[in-house]
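1. no sequence for this one, just the structure:
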């Protein structure tokens, strides 16, 4: 069930009404049932996997708390990590590892064929696996107490707004909210509806529209050249942001309707003035997860500069791999990791540069361009394709007007109306993000006169209704993870 | 919570009212007919001559000059399959009469390829049928598409603001590009692209063998059956194509001619239907001025083709 489907528009009001009609002590059960129903609408049999991961992590946490012996506790957590990550590895990485090992061995002219499995990647497996692991690790570290109620714990893991594409919630933040007594909060519900509206605007108006142009470029990624790649790259930069942040907004808004607060997952990332700041604003739940459970355990920045750089690189390589079972994602992660290492080497001079207004603006533009460049690896199917795209972006630039015109026509943008429409939407998006960078724009608008708010949100709603792509509901980009 | 539900209800009502208003405004102002489906609002009774088909039928027949004397109608639409020809005929069969001449355009790709429902753009193409066919005759009918077809403003996207200020009020509503003459310089590229679409993409299995589309062949049989029941006279016809188009097929598409002839001959021997193949007619082949592109006649070419059909087939039949 996609957030932008008729099924969800029927599902949500039913869950909303039942949730507030149910007495508090049974609400966890409603969350659990509705979440599993939501997940099973994708593929019913994969419910077994989330149930398995839930059971393993629940049991492991209780056992970790029960035994005081460090060795036994370590054994339990190791077994849990192996089991939970094993499931993730099996469904997501088996074929990738198999073909990579085979390719490596074939370098020695062994003529081997990779063992591949015909498996569908369960939706959201990367997200709920990480959520369960963070819970078990937190219990192991003594940061939280193990949850004794299996149903409540299962509801926490499967909570439908964030189940399939995040935000990856920490147990100390979400679990108490599942258990808490909730009273209907009018202001929170209205806020939730508003943020959902923005999410739908970003996802089904902007992201789906840009996806059509990006797909035109990438369908012949081995042969296309020129300005169309510049356009496609920028479009994908915006597409992936609108797709993913739009989903997160819908998830956050949906949770608010149930008086539950999920963490902010995106905070105007393309207005970051450094790569480091970008990762404090982009997919915040994932980047903080990797910081807390990979970077810091490796030593973080409490070590030599060389070791710190190593920790940073490993974290980003793993992060890249989390995004997909392909070397392109690893390279994408590596590009960001290396960029952060370079940034840390020149930290003082860069900080001084950014202290000036012009320097800050130039840094922001640079970070945006850098991220756009890195997204090429994320979107291309193979490294060869990515290299082809990068090396052919400026083909034909000698004849500049023809270079621009050919690129526009190749992408189907030979119509002034279409171009104006895209630029208008991009401007709206950038304006929203700029105003939202260090503020909460929705709260700011809420403080305006009611007439202004009605006009504003009616206009936004009409935009969503009229300009949303109406074809078969497009899958969110991050569902492949 | 009641306050919230009230607020949401008011908001949804306001949106719905504005959508309804804008949609009515858009329908009133937008006189374009990009899918050529407005003609189905005025299908005449007692049709004497008509044709079905895809774009080859849409652009291949020009009844101007005959409409004063005979009741004619062109049921063809771009990329229309025989299966939809059959459905349209089934719905409009009462508009035929005893002796109606029914030209069924047979394109080279009419009998081959994967089912049309498996093409990525099928749902988009299928939307046009919601405006004039009943639900039971629409493939993969779904109520969402039916409702949305009544709200064309929801599909207008970036052209909506322009349409609402009347930008399209005076747009030409005749067949787009029908009067154009094929550009001889670009004809080879156009031909390569056309043949790839008509005979290659979705038309060959993994072994390179031509996929026979039994659904389309069965649909042709249905058309012939309906014609028989109404006393109409079905005539299969392949319209003229340019020399470049025909030559490229003969050179590059392996065994196509044999596959096509096998199917068409089988249908003819089963049903006794008459078939006229004007694909390589020398009156058209070498003269690019009759074509708007490599495989579609322009207005002048369609006029000549229709005259030929009338002189060579229809009039002798009526004598």
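-> Received, thanks. Since we're looking at a predicted model, the values are computed, not measured.
2. which residues touch residue A:53?
-> Residues in contact with residue A:53 (CB atoms under 8 Å, 6 or more residues apart in numbering or on different chains) are A:84, A:87, A:128, A:129, A:132, A:157. The way it works is simple: take the backbone N, C-alpha and C, and place the C-beta from them, glycine included.
3. Now with 10 Å, please.
-> With contacts defined as CB atoms under 10 Å, 6 or more residues apart in numbering or on different chains, residue A:53 is in contact with A:80, A:83-84, A:87-88, A:125, A:128-129, A:131-133, A:157-158.
4. how about those in TSV, adding distance to residue B:109 and neighbour count?
-> Below are the contacts of residue A:53 laid out as TSV (distance: CB to CB, whole Å; neighbours: other CB atoms under 10 Å in any protein chain shown):
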residue	distance to residue B:109	neighbour count
A:80	58	24
A:83	54	14
A:84	52	23
A:87	47	18
A:88	46	20
A:125	42	21
A:128	47	27
A:129	48	26
A:131	51	28
A:132	53	25
A:133	54	21
A:157	52	26
A:158	49	25
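5. Need phi/psi at residue B:50.
-> When read as degrees, to the nearest 10, the backbone of residue B:50 gives phi -150, psi 170.
6. circling back: out of the contacts of residue A:53, which comes closest to residue A:345?
-> residue A:133 (32.1 Å; CB to CB).
7. Residue A:290 is in contact with the closest one, correct?
-> No: distance between residue A:133 and residue A:290: 11.6 Å, which falls outside the contact criterion (CB atoms under 10 Å).
8. So for the residue of the stretch 201-350 of chain A found nearest chain B, what's the pLDDT?
-> Residue of the stretch 201-350 of chain A nearest chain B, by CB to the nearest CB: residue A:209 (7.8 Å). Among the per-residue scores, residue A:209 holds a pLDDT of 88.
9. cool, residue B:164 as well?
-> On the pLDDT scale, residue B:164 gets 78.
10. Okay, helices next: where are they in the stretch 151-300 of chain A?
-> Here the stretch 151-300 of chain A has its helices, by DSSP state H, counting those that start in this stretch, at A:160-163, A:171-179, A:186-200, A:208-219, A:227-257, A:275-281, A:284-290, A:296-298.
11. Minimum distance to residue B:34: which of those helices has it?
-> Minimum separation from residue B:34 across the helices of the stretch 151-300 of chain A (CB to CB) falls at helix A:208-219, 18.1 Å.
12. By neighbour count, which bits of that closest one are buried? Give me those.
-> By neighbour count on 16 or more other CB atoms under 10 Å in any protein chain shown, the buried set for helix A:208-219 is A:208, A:209, A:210, A:211, A:213, A:214, A:216, A:217, A:218.
13. And stretch B:119-126, how far out from the chain middle?
-> Offset of stretch B:119-126 from its chain centre (CA atoms, centre = their mean, to the nearest Å): 14 Å.
14. Just give me the residue closest to the centre of chain B.
-> residue B:77 (2.0 Å; CA atoms, centre = their mean).
15. Check the residue in the stretch 351-481 of chain A that chain B sits nearest to and give its pLDDT.
-> Closest contact between the stretch 351-481 of chain A and chain B, by CB to the nearest CB, is at residue A:421 (3.6 Å). Residue A:421 carries a pLDDT value of 84.
16. mind checking which helix or strand it is in?
-> helix A:416-436 (DSSP states H and E).
17. tally of neighbours for residue 184?
-> All of this refers to chain A. Using other CB atoms under 10 Å in any protein chain shown, residue A:184 has 16 other residues around it.
18. try chain B instead
-> 12.
19. Can you name the residues of the stretch 151-300 of chain B that neighbour chain A?
-> Taking CB under 10 Å from any CB of the partner chain as the contact definition, the stretch 151-300 of chain B meets chain A at B:151, B:153, B:154, B:155, B:156, B:157, B:158, B:159, B:160, B:161, B:162, B:167.
20. Give me the pLDDT value at residue 283.
-> No chain was given, so I picked chain A. 95.
21. um, chain B though
-> 91.
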